[in-house]
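Trainee: Here is a sequence together with a model predicted from it:
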Amino acid sequence: MRKLRDLVKGREAKDASAAEEKVKAYGRPKPPAGVKPIGSLTEPGKVAVEGRVRAIEIRPVEQNSVLALEISDSTGDLTALFYGRSHIAGVICGSLVLLRGPVGIRDGHPVMINPAYEIT
């Protein structure tokens, strides 16, 4: 009976570990071929990145607003800023998006301003 109990505990731990990995892979997906890993963005330039939307924020700027999206992949995080927008149809937390355009580095963190986007 003890061996069976230990076997069940071991399987439960293995199942829990596998579930944690699935959640991590969902929230921070691996970048597909042809796109740049977010964590490798250390210099300004044109890039294509793909990641999951982790946060959405509307920031007031003078007489307008900026839609800020925090995007993550398995290598890092990026902020995408869309000036003059308060929403993008179909983009919610958890959406997988492909962004193309120029990237800059602000305080060591990659930032894209008004990139082209696709919901994937």
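Mentor: Ah, there it is.

Trainee: What pairs with the lengthiest strand in the chain, parallel or antiparallel?
Mentor: With secondary structure taken from DSSP state E, the chain has its longest strand at strand 45-61. Strands adjacent to strand 45-61 in the sheet, as given by DSSP bridges, are strand 64-73 (antiparallel), strand 96-106 (antiparallel).

Trainee: Pull out the buried residues from the first one.
Mentor: Okay, so that is strand 64-73. Within strand 64-73, the residues that count as buried by 16 or more other CB atoms under 10 Å are 65-67, 69-73. To be clear about C-beta, it is placed using only N, CA and C from the backbone, and glycine gets the same treatment.

Trainee: buried sites along stretch 54-64?
Mentor: Across stretch 54-64, burial judged by 16+ other CB under 10 Å covers no residue at all.

Trainee: any residues touching that stretch, and which ones?
Mentor: 27, 65-72, 77, 83-84, 86, 91-93 (CB atoms under 8 Å, 6 or more residues apart in numbering).

Trainee: Assess the claim that residue 90 and residue 117 are in contact.
Mentor: No: counting by CB atoms under 8 Å, residue 90 sits too far from residue 117 to count as a contact (9.8 Å).

Trainee: Who has more neighbours out of those two?
Mentor: residue 117 (20 against 9; other CB atoms under 10 Å).

Trainee: burial of residue 49, as a residue count?
Mentor: Going by other CB under 10 Å, the residues that sit close to residue 49 add up to 26.

Trainee: I misspoke; the intended subject was residue 87.
Mentor: So residue 87, with other CB under 10 Å, has 12 neighbours.

Trainee: In CSV, list the C-alpha atoms belonging to stretch 59-72.
Mentor: C-alpha atoms of stretch 59-72 as CSV (Å, rounded to 0.1, in the frame of the first residue of the first chain):
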residue,chain,number,x,y,z
ARG,A,59,-2.3,56.3,-20.7
PRO,A,60,-3.4,59.9,-21.0
VAL,A,61,-1.0,62.2,-23.0
GLU,A,62,-1.9,65.9,-23.2
GLN,A,63,-5.2,66.0,-25.1
ASN,A,64,-5.0,62.4,-26.4
SER,A,65,-4.3,58.9,-25.2
VAL,A,66,-1.8,56.1,-25.8
LEU,A,67,-2.7,52.4,-25.7
ALA,A,68,0.2,50.6,-24.1
LEU,A,69,0.4,46.8,-24.6
GLU,A,70,2.9,44.7,-22.6
ILE,A,71,4.0,41.8,-24.8
SER,A,72,5.9,38.7,-23.6
